[in-house]
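**Student:** show me the folded form of this:
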Amino acid sequence: MQTSSIHIVRRYGPVGGMERYVWELTHALAKQGQKVKIICERAYDTCDDKIDVIELGEVNPKPRWLAMIKFSKRVSKHLKATDTDGWVIHSHERCAEHHVTTFHGPSILTRKKRALDFLSPRIATWEYLEKRELFGNNVRTILPNSLLVSDQLAKLYPTAAHKLGFPAYPGVSEQFSTITRRSQGNSIGFIGKEWQRKGLDFAVSVVKKLVDKDPSIVFIVAGPEPKEIQHLFTDWHSQNYQLMGWQRSEDLFPTIDLLIHPARVEPFGMVVAEANAAGLPVVISDHCGIAELIHQQQGAVLPLKQQERWGKTITTLMATPTAEPLGLTWSHLGEKHQQLYLQIEQDK
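**Tutor:** The predicted model follows:
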């Protein structure tokens, strides 16, 4: 059966993690013959001509909490003036008029609390928008993008737990499975622009100890600007590390033999899924949402408190030629969404 879904996202296009998720999901649905509309501020790329894109116009992106309110009001106004009978409204933002919302990141309630938080309009607005997103009158299903996020929401908002749906794990582009590796068996990679959150300092400490034992090892870092992180490598020999700056993961993966991702907070970990699809073993922290999917065939999940285990595990996995792929695909995710939309339409 054909479904009809309206997806709400401020920036429509492959311009960020969440935005790429919406882009890929909606294209998968369109390829499966489903009717898809997008409500956004602006489309950043040319999409499938089967997808109807409605651009409401950009608002000042800062402060972000104010931009979210303005966008939400525009969306509500547009939807109230539009016949949406027969359509399932699926939000990926902090909006009000939706049947389904995908929760892409950690809750605002998990932030580090400060004494004067109660005076902050930013925090008050974030909390209000999050609660409205979860408890709105039309909300039928909340889709967490990992089991980690699902468990977190169930604990923070127990009265919304019955609305939690399946973990909507992102798919991975088929191009990653076709990557040909040209590494020499001695390269460890890290990728992540938000390097503090993703644990680059921890990775540097772990890999430096390996380099001291085996000077042939090379640590390749992509994401941060080199000048931001150069201070982490003051006691390294130049031949043992490469700071690439921003680089696409598909360009980094051919040059490495293993990905290290010791994130302190990571709702899912898209780069880990992509590395796995490229056949790379991964060593990641247990703070990653994708950790629940990583087993011995894919690499290892380790606690940050046990740094010595990281080095030993990396040494073992560096000798592993390939990792078993998880098989996460956008087409499968699209099919699961079709089933959900049909159920919601039947229950209306």
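
**Student:** can you show me the helices along this structure?
**Tutor:** 17-31, 64-80, 121-135, 147-156, 200-213, 226-229, 249-252, 270-277, 307-317, 330-347 (DSSP state H).

**Student:** can you pull the buried residues of the last one?
**Tutor:** Of the residues in helix 330-347, 330, 333, 334, 337, 338, 340, 341, 344, 345 count as buried by neighbour count, 16 or more other Cβ atoms under 10 Å. All C-beta atoms are positioned from the backbone trio N, CA, C, and that covers glycine.

**Student:** repeat that for the fifth one.
**Tutor:** If you call a residue buried by 16+ other Cβ under 10 Å, then helix 200-213 has these buried ones: 200, 202, 203, 204, 206, 207, 208, 210, 211.

**Student:** for stretch 282-302, measure first residue to last.
**Tutor:** Stretch 282-302 has an end-to-end distance of 11 Å (criterion: Cα to Cα, to the nearest Å).

**Student:** quick one: contacts of that stretch?
**Tutor:** 145-149, 169, 199, 258-269, 272-273, 275-276, 281, 303-304, 309-310, 313-314, 317, 323-324, 326 (Cβ atoms under 8 Å, 6 or more residues apart in numbering).

**Student:** okay, now the domains of the protein?
**Tutor:** Domain assignment of the chain by automatic domain parsing yields the ranges 4-171+329-347, 174-317.

**Student:** let me see the mean pLDDT of the first one.
**Tutor:** Taken as a whole, domain 4-171+329-347 has an average pLDDT of 95.

**Student:** likewise for stretch 302-312?
**Tutor:** Rounded mean pLDDT across stretch 302-312 is 96.

**Student:** against residue 86, how distant is the closest residue to residue 273 other than its chain neighbours?
**Tutor:** Closest residue to residue 273 apart from its sequence neighbours, by Cβ to Cβ, 6 or more residues apart in numbering: residue 172 at 5.1 Å. If you measure residue 172 against residue 86 using Cβ to Cβ, to the nearest Å, the figure is 32 Å.

**Student:** rewinding a little: tell me which of the helices of the chain sits most buried.
**Tutor:** Most buried of these by mean neighbour count (mean count of other Cβ atoms under 10 Å) is helix 270-277; its value is a mean of 26.

**Student:** which residues does residue 271 contact?
**Tutor:** For residue 271, the contact set (Cβ under 8 Å, 6+ apart) comprises 191, 192, 249, 259, 261.

**Student:** for those residues, which one is nearest residue 67?
**Tutor:** In terms of Cβ to Cβ, no member of those lies closer to residue 67 than residue 192, at 24.6 Å.

**Student:** okay, the closest one and residue 103: tell me how far apart.
**Tutor:** 21 Å.

**Student:** cool, residue 5 as well?
**Tutor:** For residue 5, the distance to residue 103 - Cβ to Cβ - is 17 Å.

**Student:** and if you look at residue 249?
**Tutor:** From residue 249 to residue 103 the distance is 24 Å (Cβ to Cβ).

**Student:** what does residue 218 give?
**Tutor:** Distance, residue 218 to residue 103, using Cβ to Cβ: 38 Å.

**Student:** same question for residue 1.
**Tutor:** To residue 103, residue 1 is 27 Å away according to Cβ to Cβ.

**Student:** give me the more crowded residue out of the two.
**Tutor:** Neighbour tally, residue 1 and residue 103, criterion other Cβ atoms under 10 Å: the higher count belongs to residue 103, 22 against 8.

**Student:** list the contacts of the closest residue to residue 94 other than its chain neighbours.
**Tutor:** Leaving aside its chain neighbours, residue 94 sits nearest to residue 129 (3.7 Å; criterion: Cβ to Cβ, 6+ apart). Counting by Cβ under 8 Å, 6+ apart, residue 129 makes contact with 65, 68, 69, 72, 94.

**Student:** residue 324 now?
**Tutor:** With Cβ under 8 Å, 6+ apart, residue 324 has these contacts: 297, 298.

**Student:** make it 10 Å
**Tutor:** Counting by Cβ atoms under 10 Å, 6 or more residues apart in numbering, residue 324 touches 276, 279, 281, 295, 296, 297, 298, 299.

**Student:** OK, contacts around the nearest residue to residue 289 once chain neighbours are set aside?
**Tutor:** Counting by Cβ to Cβ, 6+ apart, the nearest residue to residue 289 once its immediate chain neighbours are dropped is residue 146, at 2.9 Å. Contact partners of residue 146, counting by Cβ under 10 Å, 6+ apart, are 103-104, 152, 167-170, 266-269, 288-293.

**Student:** filter those to the buried ones?
**Tutor:** 103-104, 152, 167-170, 266-269, 288-291, 293.

**Student:** so which of the residues you listed comes closest to residue 113?
**Tutor:** Closest to residue 113 out of those is residue 152 (16.0 Å), distances taken as Cβ to Cβ.

**Student:** ok, that closest one to residue 145 distance?
**Tutor:** On the measure of Cβ to Cβ, residue 152 and residue 145 end up 11 Å apart.
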